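Trainee: predicted model, plus sequence, below.
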Amino acid sequence: MRRAVWVGVALVASMPAGAHVSSSAPSPRCAFRIRTPEQSGVSFRHHSGSTGPEMRFMIECVGSGVGMFDADDDGDLDLYLVQGGDVKPNGEIVVGERSRDSLYLNDGFANFSEGGDEVGELSAGFGFGVVAGDVDDDGDEDILVMNLGLNDLLENRLDEDGVARFVRREDGGGFAGEVTDWSMGAALGDIDRDGDLDVYVANYLAHDLSHRMLSGSPCRWLGCEVPCGPEGLDPQGDRLYLNDGSGYFLEITKRTAVGKARPAYAFQPVFSDLDGDGDLDLFVSNDSMPNSFYVNEGLDAHGIPKLLEQSMRSGLALSDSGKEQAGMGVAVGDVDRDGLFDLVMTNFSREPNALYRNASCDASGALFFDEAGRFGLGRPSFFDLGWGATFFDVELDGDADLFIANGHVYPQVDACNISQVKFEQPDRIFFWESGRFVAGSLEGDDDLADLMQARASRGAAAGDLDRDGDVDVVVSVLGGAPRILENTSTHVGTWVGVDLRPVTDSVGSRVEVRTARSSEEPQASWVSEVRRGSSFLGTEPRRLHFGLPRTAEKVSVLVRWPDGTQESWVNQSTGQMLLLARGSGG
Amino acid sequence: MPRRMLGVFVLALLMEVLCSGRAFAQDTAQDVGDMVRTMRASRREGEAREALKSMRAAGPDVRASLRVIGQRVLALQDLRKMDEAQQLLTGLPVTADVDLLQIKLARLRILLDLVDPEDAANQIIQMAAKHKGNLEVVSLHVRALIQREDFRAAHRELDALTGDSSGWLRRELEAELLAGRARSLLADDSLLEEAFPLLEEALKLAPHRGDMRALYANALVRWQRFDQAEEQLQRGLESAGVDREVLLMGQADLYRSTDRLAEAIARYEMVLAESPDARLAQVGLARCRSRMGEKEEAVDLLKICLANDSDDLDALLVLAEIREGQGRIAEAEAALRHVLELRPNHLKACWRLSRVLAREGKMNEVEELVVRYESRRERVRQRFEDGSAIGR
């Protein structure tokens, strides 16, 4: 199957740049088409735990993330979909066949088949988050699943024929946590720069059924009877683990600032070099509490990462008016193309999504400004309740656009006559135009009708599922079937993909793609970073995708590996996925 | 005595005053003052207006009588014409005569509503001990306690009010107490829901109070019941008198928060046409203009506010926001520093100033502000968590 991958890549690579562009169609058309379960083969349906139209416990309201990665390393993107389960009337969860996660393998053209017994043992916990990464450094991506209760580490034993088989580590690989943990998202990154992937697990709150607020009696929100929480329930502390090099994790939470932080209702951690100094820092979106931001200051004398909590100082803790928001999902990207990574964090309704523009420099250290309003994200997202978020270039015009999955927490809101709030809400695409985001709308045509169908969306991951050069989207839906949105937009320009090898080393690498300077065009550059764990409780493709202007026929690629070393590849043709092995560049 | 008859009687008295000597005028002024007080006590704005009209028609001697002036100021305050009342008071000579209770009450009311609520509350509490049983004093005392969010003490004071003669006042003050408790709850989004029964009860007791209806509508907006809020405001406006302005403001704010900017602008302009000095309308209008990208027009409006009152917090905050957005950081910084001079505990200003200073790279000061901000925020949180601010 591995061979098939690269044949596929060669096919894509052989297509001329911008092959989809018709010379008689100058105006770009941004469009998405839903691939039905019958068309895609993805028959998964999420079990929220609720048996009726209403939900009684927070665990039923959260939903799960989307894992989009190449499980069998055949060059296409597979899907790991996290299952919830059943919840008894008293709030106890039931795990079993209905809580078993699903792995869907891609044939390279976005036709999926569900992995059965041959893919081994997947997680069967009441699950929320998923992150994939090569934690045992054997060249394939393993899977970490975050559950209510113990977390699961699924070790990938990819065989020589390219068949992925997962083995659930009985010992939890050291990162299972406690049975009382309610883990949400996780992120992998080499935080101590020793060559292996460490993990941060975001925990939410104690689903302690002896708590008076978890008796099953409802609480009230805007006059509606809804499940209680998170406020009033006990937040849980997050956990940070170092990899011992073999894929086994050792918890170091208490030896770092993470252990000293006030517990928070955490959703999504992200490792990224946010202060631009070459090592991985850590941002965590927290629900209804200030976000956390740990700046990586190297190692202490015992080899433990020195993390400095800087959320308030840096401006990442709160909104621009100084309020804590219901931080949900996180997207990282260089919005203003200044070479620094900015953050978008989705929020509750009546809280605009935050856009933390990165203004870090040596003199000030890590510094961010919430400029959602300035960049056009504020008002259009004001009434939305956002979850998954991801940047990608919809029409390949060289600008990163932004997709946000929306949906309310409580189904009960539909009966409460609240203005501008429905349980099912349309997802949004924000197009980058002339220095700001412009919300895609249904006015004028129905190209975005499938994308903007109202659902209780949760996780979102973007990647080129059908290897046609543009980026498609998968959205998980609370208590429903995931939506697979095929990008059918006109390709305005071209693209290039970057697949860094070895797999482990790629995580945390910063990749810069540059066009050549010519008499007509100045040199332009785009930066991205390989991340494991982002959006909402999910994992997005390790292979990076850059939309480029049509004129970009050749590019150079500059990679800064996680250990700080740099390498470059020049004169690379666009319209293809570049396989860049460490040591093969200049 | 029927109210119309009362008005006629007052006018007749005034005519007598006009035709008589000074000594007589002083006696009559006392009668006029008492009558006007009785008219005001009906708590119907028609009577308050009538009383004012009567006083304006009086001769110069009566008009100069402190007793009449005192009642006139109080009547103006009843009609929420606070600026006019303040002007009248400011024009009074500082003499021993000015010790008159009505004048004192009027001054304290202005101090309480507009200038220094804490100082006013302290003075009123002292005064209340001396003038037990005086309904005007009790009423102001209860209002001072409400302003201080000492709801338990306000309750006790209300319980001391007995007798049929104080029935109207009791209802009015009970409604104000309920609205005060609701207002306190509305300061915290997580307590919003608890404000509704209080506001509904307040409106049952005082359905004519447009200010309370506007507060209720404001809570409905925050509860995201826009249609209901609009209905309440419309209902209030149908019979509004003195509260027309606050109801129009409610509509304008509702439209602004739901992106109906043109309608919001129209309402703010209606308010300004009726009360050119309505600073909140001016600030609201500036916010709308700013949202529409008309930044300099917005700044011009704010400058008018600040020319009238250089300490206008709302205008300063919006000005800072606009200037920061325009990259005119020094001006944003100056505006925010001014807010913090006036209100050292202003959380939003504290946070915003830290962000503005961060843009200037003044990170040491940012760190100090962040520490200040966090400790204040914590205090506010604790205050709500232990329920002391709510009077539960």
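Mentor: Right, received. Where do you want to start? Residues are numbered from 1 along each chain as shown, chains lettered A, B, ... in the order given.
Trainee: what parts of chain B come near chain A?
Mentor: Within chain B, the positions near chain A by Cβ under 8 Å from any Cβ of the partner chain are B:190, B:192-193, B:196, B:223-227, B:258-259, B:325, B:347-348, B:350-352, B:355, B:358-359, B:361, B:363, B:366-367, B:370, B:373-374. Placement of C-beta: from N, CA and C, glycine included.
Trainee: in ChimeraX, how would I select the buried members of these?
Mentor: Provided next is the ChimeraX selection string for whichever of those are buried by 16 or more other Cβ atoms under 10 Å in any protein chain shown:
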select /B:192,193,196,223,224,225,226,258,347,348,350,351,352,355,358,359,363,366,370,373
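Trainee: verify the contact between A:D198 and A:G189 for me.
Mentor: Yes - the criterion here is Cβ atoms under 8 Å, and A:D198 meets it with A:G189 at 6.4 Å.
Trainee: what does stretch B:279-290 contact?
Mentor: B:249, B:252-253, B:256, B:261, B:264-265, B:268-269, B:271-272, B:275, B:295, B:297-299, B:301-302, B:304-305, B:308-309, B:312, B:314-315, B:318, B:321-322 (Cβ atoms under 8 Å, 6 or more residues apart in numbering or on different chains).
Trainee: remind me which residues of the stretch 1-150 of chain B are low pLDDT?
Mentor: Across the stretch 1-150 of chain B, the stretches falling below the confidence threshold (pLDDT under 70) are B:1-52, B:54-56, B:58-64, B:78-80, B:93-99, B:114.
Trainee: could you rerun that using 50?
Mentor: For the stretch 1-150 of chain B, applying pLDDT under 50 flags the ranges B:1-26, B:43, B:96.
Trainee: which SSE is the residue of it found nearest chain A in?
Mentor: Per Cβ to the nearest Cβ, B:E149 is where the stretch 1-150 of chain B lies closest to chain A, at 21.9 Å. In this structure, B:E149 sits in neither a helix nor a strand according to DSSP states H and E.
Trainee: how many neighbours does it have?
Mentor: Using other Cβ atoms under 10 Å in any protein chain shown, B:E149 is surrounded by 18 other residues.
Trainee: secondary structure class for the spatially most central residue of chain B?
Mentor: Central residue of chain B (Cα atoms, centre = their mean): B:D113, 5.4 Å from the mean position. Classification of B:D113 using DSSP: H, G, I helix; E, B strand; the rest coil returns helix.
Trainee: ok, now A:D505?
Mentor: helix.
Trainee: can I assume it is in contact with A:P562?
Mentor: Yes - the pair A:D505 / A:P562 is scored as a contact, 6.6 Å apart, by Cβ under 8 Å.
Trainee: which of those two has more neighbours?
Mentor: More crowded of A:D505 and A:P562, by other Cβ under 10 Å: A:P562, with 26 against 23.
Trainee: where do the strands sit along the stretch 51-200 of chain B?
Mentor: In the stretch 51-200 of chain B, no segments count as strands under DSSP state E, counting those that start in this stretch.
Trainee: quick check: the residue of it nearest chain A.
Mentor: B:E193 (5.5 Å).
Trainee: with the stretch 101-250 of chain B instead?
Mentor: In the stretch 101-250 of chain B, the residue found nearest to chain A is B:F226; the distance is 4.0 Å by Cβ to the nearest Cβ.
Trainee: residues in contact with that residue?
Mentor: Applying Cβ under 8 Å, 6+ apart to B:F226 gives the contacts A:419-420, B:220, B:254, B:258.
Trainee: of these - the most surrounded one?
Mentor: When neighbours are counted by other Cβ under 10 Å, B:L220 leads the contacts of B:F226 with 24 neighbours.
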